[in-house]
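Asker: Okay, sequence plus prediction incoming.
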Amino acid sequence: MTAYTERTSGSPVADFVSEHAQVISIAVFFVACLAFFSSTTDTFLTLGNILNVVRQAAPILIVAVAMTLVIITGGIDLSVGSQVALVNAVAAILMAMGYPWPVVLLGMIAFGGIIGIAQGWFTAYQGIPAFIVTLAGLSILRGFALWLTQGYSIPIKDAPGFFWLGRGELFSIPVPALIAVLVAVIGYVIIAYTKYGRQVVAVGSNLEAARRVGMPAKWIVASVYMVSGIACALAGLLIAARLGSGSSNAAVGFELQVIAAVVLGGTSLMGGRGSILGTVLGTLTIAVIGNGLILMHISPFFTQIVTGAIILVAIWLNTKIFTTNFRFGAKAR
């Protein structure tokens, strides 16, 4: 017979590092990026540049928080950039027609939720893989935005309250950044402390087991796409408010940045595990890299190469190193 023994308790520090290895790794990488760009450029750490970084990162973070929920369930939403563009364009068109901006804001958030729940219905209740549904959504929604605008930008005029959402400051902090922080806090509370958050994790870990114990598993899956749609609507509105216009060409490549931020933050593409704190750090890392490369006078197109490489390395770390069997300072058993 084989004798089994209990694993001896390890060092508290080693246990902590093992449990939070992914968040710690992205935190270290983020600090390294800050140090690198601070030493290679004179303007990176200036207050104006830092505020510019957090303002531009806000829409990405808002959608990345929602994408974290989607990926925790084992799904993915490739249509987020197209959703942002469609809301961005429709909001500008409605305001150009004379509708008051508060009405447009509420209407667009509802519109985003409808788009999201429609995609969630196909995924959860019709059994079509999320990759296929949202890939189709990526094309359909961007096509609608192009058709509505005919490829032109739609200017927004006489909406100072709306512009304040994208350009204003509160306590010297950009309003979009404050909104993004609020969304991140809400996302953290949902995952860590609510029944819904526990159900999202359970469904991502094992959908059939969650269904058998009485959880509304299909509704949970559908609902995270609704949350994603609402987040995309909010991001699209903030971009329109910052630029003062709506365009079907907004948020091109947005989905790549969002997914990179979530995966880099340690959320498992297999589902069942995710971290809002990691997503925040991943978003800031992507934003810092893009900003730093521009300040170094490197082609902005090179940022796409770096982002793609980051996704590849992050997935490699996610699947090969930071697995459930990974323990800091211990041999695999």
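Answerer: That came through, no problem. None of these values were measured; they are calculated from a predicted model.
Asker: what are the ranges of the strands in this protein?
Answerer: With DSSP state E applied, the chain shows strands at 154-155, 169-170, 173-174, 245-246, listed in chain order.
Asker: wait, which of these is closest to residue 271?
Answerer: Between residue 271 and the strands of the chain, the tightest spacing by C-beta to C-beta is seen for strand 173-174, at 33.6 Å. In this view, the C-beta of every residue, glycine as well, is placed from N, C-alpha and C.
Asker: next one: that closest one to chain centre, how far?
Answerer: The chain centroid and the centroid of strand 173-174 are separated by 20 Å under C-alpha atoms, centre = their mean, to the nearest Å.
Asker: ok, for the residue nearest in space to the middle of the chain, nearest residue in space, not its chain neighbours?
Answerer: Most central in the chain under C-alpha atoms, centre = their mean is residue 64, positioned 0.8 Å from the mean C-alpha point. Using C-beta to C-beta, 6 or more residues apart in numbering and skipping the chain neighbours, the partner closest in space to residue 64 is residue 261 (4.5 Å).
Asker: and the gap between residue 249 and residue 192?
Answerer: Distance, residue 249 to residue 192, using C-beta to C-beta, to the nearest Å: 37 Å.
Asker: Mind checking which of the two has more residues around it?
Answerer: residue 249 (15 against 12; other C-beta atoms under 10 Å).
Asker: Next, find the distance separating that one from residue 235.
Answerer: From residue 249 across to residue 235, the span is 15 Å (C-beta to C-beta).
Asker: before we move on, the earlier item: I'd say the residue nearest to the centre of the chain and residue 283 touch.
Answerer: Yes. Counting by C-beta atoms under 8 Å, residue 64 does reach residue 283; the two are 5.2 Å apart.
Asker: what is in contact with the two at once?
Answerer: Here residue 64 and residue 283 have 261, 265 as joint contacts, going by C-beta atoms under 8 Å, 6 or more residues apart in numbering.
Asker: Around residue 111, count how many other residues there are.
Answerer: What residue 111 shows, counting by other C-beta under 10 Å, is a neighbour count of 21.
Asker: these two touch, right, it and residue 230?
Answerer: No. At 9.5 Å, residue 111 and residue 230 do not qualify as touching, with contact defined as C-beta under 8 Å.
Asker: burial count for the residue nearest to residue 64?
Answerer: 33.
Asker: so which of the strands of the chain comes closest to residue 104?
Answerer: Comparing the strands of the chain by C-beta to C-beta, strand 245-246 comes nearest, at 10.5 Å.
Asker: same question for that closest one, mean pLDDT?
Answerer: When pLDDT is averaged over strand 245-246, the result is 91.
Asker: Tell me which strands that strand pairs with, and in which orientation.
Answerer: With DSSP bridges as the test, strand 245-246 is paired with strand 154-155 (antiparallel).
Asker: For the stretch 101-250 of the chain, which segments count as helices?
Answerer: 101-124, 130-149, 160-167, 175-193, 195-205, 207-212, 217-243 (DSSP state H, counting those that start in this stretch).
Asker: List the buried residues of the longest one.
Answerer: Residues 217-218, 220-243 are the ones in helix 217-243 that count as buried (16 or more other C-beta atoms under 10 Å).
Asker: Excluding chain neighbours, what is closest to residue 290?
Answerer: With C-beta to C-beta, 6+ apart, the residue lying closest to residue 290 is residue 303, at 4.8 Å.
Asker: how far away is that neighbour from residue 284?
Answerer: Residue 303 is 15 Å from residue 284, by C-beta to C-beta.
Asker: ok, now residue 113?
Answerer: Residue 113 is 27 Å from residue 284, by C-beta to C-beta.
Asker: Could you list the low-pLDDT ranges of the stretch 151-300 of the chain?
Answerer: For the stretch 151-300 of the chain, no stretch is flagged by pLDDT under 70.
Asker: how about stretch 164-173: buried residues?
Answerer: 165-168.
Asker: Next: stretch 50-62.
Answerer: Within stretch 50-62, judged by 16+ other C-beta under 10 Å, the buried ones are 53-62.
Asker: Wait, residue 269 touches residue 71, no?
Answerer: Yes. Here residue 269 reaches residue 71: they are 6.3 Å apart, a contact under C-beta under 8 Å.
Asker: overlap in contacts of those two?
Answerer: What both residue 269 and residue 71 touch, as defined by C-beta under 8 Å, 6+ apart, is the set residue 263.
Asker: And the two? Which one has more around it.
Answerer: residue 71 (27 against 16).
Asker: Please tell me how far that one sits from residue 152.
Answerer: 35 Å.
Asker: cool, and residue 184?
Answerer: 34 Å.
Asker: Which one of these two is surrounded by more residues?
Answerer: residue 184 (20 against 13).
Asker: contacting residues around that one?
Answerer: 61, 65, 276, 279-280.
Asker: rerun at 6 Å
Answerer: 65, 276, 280 (C-beta atoms under 6 Å, 6 or more residues apart in numbering).
Asker: Can you say which of these are buried?
Answerer: 65, 276, 280.
Asker: and the residues you listed, which of them are in helices?
Answerer: Under the assignment DSSP state H, the buried ones among the contacts of residue 184 contribute 65, 276, 280 to helices.
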